[in-house]
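Asks: curious how this folds, go ahead:
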Amino acid sequence: MATDPSTPTRYNIHDLATLASVPTRTVRFYIAEGLIDRPFGAKRGAWYEERHLQQLLLIRRWTDAGLSLERVRELQAGSPEEAPPRPVKPGMVEVWSRITLSDGVEIQVEPGRAGMTPEQVRAFIQDVTAAYRRVREAGPAVH
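Replies: Below you'll find the predicted structure:
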């Protein structure tokens, strides 16, 4: 029997969590925090639709890139992605990547504060490394 394409697909919480590769507990937490919309129905009869899955996947993409849930909330509220990061507060934990290009040349990146995905960080490092090699191969500048 063919399914009607105008009828939205319904997911239970377990299917939704599996599709997004997160625990069901995370889905419930995000709902409680207002990060994803509440389900339709209630209790065991609750169901989710494609928009819930898309919200969950977007949150996962942002958090995998190192953004805090506070920043995710700001982005959902319409804060531009290029907005400067919030100032670091005492007690905040950040994970910085330190990349050594050569003896005496390093780059430090905190992807969440920089608003960069892991792919963007890799591309950035590749571009900076290529620029460093060009400068080194060009030899000393004549003034």
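Asks: rest of the way, CA atoms for contacts and neighbours
Replies: Noted.
Asks: the lowest-mean-pLDDT helix or strand in the chain packs against which elements?
Replies: Lowest on mean pLDDT, DSSP states H and E among the helices and strands of the chain sits helix 111-114, with a mean of 73. Applying 3 or more C-alpha pairs under 8 Å, 6 or more residues apart in numbering; DSSP states H and E, we find helix 111-114 packed against no helix or strand.
Asks: right, and the helix or strand after it?
Replies: helix 118-138 (DSSP states H and E).
Asks: state the mean pLDDT of that next one.
Replies: Per-residue pLDDT over helix 118-138 has a mean of 87.
Asks: what about the protein, any weak spots by pLDDT?
Replies: 1-7, 79-88, 92-95, 112, 141-143 (pLDDT under 70).
Asks: nearest residue to Gln108 other than its sequence neighbours?
Replies: Closest residue to Gln108 apart from its sequence neighbours, by C-alpha to C-alpha, 6 or more residues apart in numbering: Arg98 at 4.5 Å.
Asks: distance check, that neighbour against Gly115.
Replies: Separation of Arg98 from Gly115 (C-alpha to C-alpha, to the nearest Å): 17 Å.
Asks: swap in Arg71?
Replies: Going from Arg71 to Gly115 by C-alpha to C-alpha gives 10 Å.
Asks: one more: Asp37?
Replies: Noted for Asp37: a distance of 24 Å to Gly115, by C-alpha to C-alpha.
Asks: neighbour-wise, which of the two wins?
Replies: Each of Asp37 and Gly115 has its neighbours counted (other C-alpha atoms under 10 Å); Gly115 has more, 20 against 15.
Asks: that one reaches Leu67, doesn't it?
Replies: Yes: assessed by C-alpha atoms under 8 Å, Gly115 is found in contact with Leu67 at 7.4 Å.
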